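Peer 1: quick one, structure for this:
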Amino acid sequence: MSTINPTHHTEFEPEYHKETPVREKELLMGVIGLEHGHIYPMCHGMKEAGATIRWVFDEDPKKLNAFQKIFPEAEAANSLSQILEDKSVKLVSSAAIPSKRCEIGLQVLDSEKHFFSAKAPFTTIEQLRQAEKKVQETGFNWAVFYSERLQVECANFAEQLINKGAIGNVVQVLGMGPHRLNVKQRPEWFFWKKSYGGIISDIGSHQIEQFLWFTGAQDATILSSTVQNNTQPDFPEFEDYGDCHLIGDNGAVHYFRIDWFTPDGLSNWGDGRTFILGTDGYIELRKFVDITEQSIGERLYLVNHGGEKKYDVSGKVGFPYFYQLAHDVINNTSMAMPQKHTFKAAELSLLAQQKAQY
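Peer 2: Next comes the predicted model:
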């Protein structure tokens, strides 16, 4: 009986993650800081996984009212302390101004709760070291929402294909993360480096996290990085372009480009793509849009010795991360994403930002 070589066929099918939500009222969560829209998919994902949003706090009443229209079950807290003092709350999520996320997380862990941060979780290496120390002291999780992998079904399918040997051993990951600026809709802090950290430590963290995950690298060396400001002379600290070249401790190579140049004619906020090169094939992810095909995204292209195939995986894979994180909180485990991996992605993006030539 012959054994089929996975690199000699493309007849793979995406496997839907049949995850079990936590029991009703078993996981109560609070929300602190509504500065970035990522807080909405973070909360939707956790709610789908069975969590109950107990509290929400933000100093801006408009943001607070908008949040409660989507999550009416969330009661407005009078202060951060009110949420931290509620012993029934086990998880706190935050999308505050990036430079403030670390301090919130430190207080959350001190109050014996787990923390779920939007990216970028830190704006300085010093903040990262504080977080690492606090996790070691308390034993609570510091989770980060690296959404460009965690909330993209074709990225989850790519992981399945890699694990099945569909492209052999991963040699290189090429990432492109363009975003639309919408300059008039951005708050002032968005343009000041002290607040947002820089383009590589911010949206570049998505790219580095994916590289580590898809290749299995535990660490990497930054070979080069670049940042530029081409279009915003009124905001000299803002960076609208960045790139980085890394090599993993296992020999895998990574290059990514990120920018704020998405033209108005694109039907989506950004044509995010990832190319994964293996020894026996390659994968292309068209995450959010497949241009000229009127696609909303979630397309995966596979090429190996067996041929070429296009997959539309929308609704066929799911988002297991939120379910795994919910159970991690209940069981005090770290199965959704190892803490070391979470922090390493942040560390490398901060180091690449520091090293960047302008």
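
Peer 1: contacts for whichever strand or helix holds residue 157?
Peer 2: Per DSSP states H and E, residue 157 falls inside helix 153-163. The set of residues external to helix 153-163 that reach it, using CB atoms under 8 Å, 6 or more residues apart in numbering, is 12, 14-15, 17, 148-149, 167, 170, 210, 213-214, 274, 276, 278, 283, 285-287, 297-300, 302, 311, 313-320. Every C-beta, even on glycine, is put in place using the N, C-alpha and C of the backbone.

Peer 1: packing partners for the helix ranked longest in the chain?
Peer 2: In the chain, with assignment by DSSP state H, the single longest helix is helix 339-355. Applying 3 or more CB pairs under 8 Å, 6 or more residues apart in numbering; DSSP states H and E, one finds that helix 339-355 contacts helix 125-138, strand 142-145, helix 199-202, helix 204-215, strand 220-228, strand 241-248.

Peer 1: need the residues that contact the first one.
Peer 2: Here helix 125-138 makes contact (CB under 8 Å, 6+ apart) with 102, 105-106, 109-110, 112, 121-122, 141-142, 339, 343, 346-347, 350-351, 354.

Peer 1: can you say which of those residues are buried?
Peer 2: Among those, those buried by neighbour count (16 or more other CB atoms under 10 Å) are 102, 105-106, 109, 121-122, 141-142, 339, 343, 346-347, 350-351.

Peer 1: what is the nearest of the residues you listed to residue 3?
Peer 2: Set against residue 3, the nearest of the buried ones among the contacts of helix 125-138 by CB to CB is residue 339 (37.6 Å).

Peer 1: which pLDDT value belongs to the residue nearest to the closest one when sequence neighbours are not counted?
Peer 2: Of all residues not flanking residue 339 in the chain, residue 135 sits nearest, at 6.1 Å (CB to CB, 6 or more residues apart in numbering). Residue 135 carries a pLDDT value of 98.

Peer 1: thinking again about what came up before, looking at the helices and strands packed on helix 339-355, spot the one closest to residue 328.
Peer 2: Of all those, strand 142-145 comes closest under CB to CB, at 7.8 Å.

Peer 1: packing partners of the helix or strand just after that closest one?
Peer 2: As assigned by DSSP H and E, the chain's next helix or strand after strand 142-145 is helix 147-150. On a contact count with 3+ CB pairs under 8 Å, 6+ apart, helix 147-150 meets helix 153-163, helix 204-215.

Peer 1: what's in contact with helix 147-150?
Peer 2: Contacts for helix 147-150 (CB under 8 Å, 6+ apart): 38, 41, 119, 155-156, 177, 206-207, 209-210, 213, 272, 287, 319, 321.

Peer 1: just give the nearest non-adjacent residue to the residue nearest the centre of the chain, would you?
Peer 2: Closest to where the C-alpha atoms of the chain average out (CA atoms, centre = their mean) is residue 146, at 0.9 Å. Distances taken as CB to CB, 6+ apart put residue 209 closest to residue 146, at 4.3 Å, once the chain neighbours are dropped.

Peer 1: please apply the same query to residue 298.
Peer 2: Using CB to CB, 6+ apart, the closest residue to residue 298 is residue 314 (4.0 Å).

Peer 1: number of residues surrounding that neighbour?
Peer 2: 14 (other CB atoms under 10 Å).

Peer 1: that one and residue 296 touch, don't they?
Peer 2: Yes. Assessed by CB atoms under 8 Å, residue 314 is found in contact with residue 296 at 7.0 Å.

Peer 1: can you name the element that comes right after the helix holding residue 157?
Peer 2: strand 170-178.

Peer 1: and the next helix or strand past that next one?
Peer 2: Trace forward from strand 170-178 with DSSP H and E and the next one is helix 193-196.

Peer 1: that next one: how far from the chain's middle?
Peer 2: 19 Å (CA atoms, centre = their mean, to the nearest Å).

Peer 1: how about stretch 25-32?
Peer 2: With CA atoms, centre = their mean, you get 20 Å for stretch 25-32.

Peer 1: what's the answer for stretch 106-115, then?
Peer 2: The answer for stretch 106-115 is 21 Å, by CA atoms, centre = their mean.

Peer 1: for that stretch, how far is the first residue from the last?
Peer 2: 9 Å (CA to CA, to the nearest Å).
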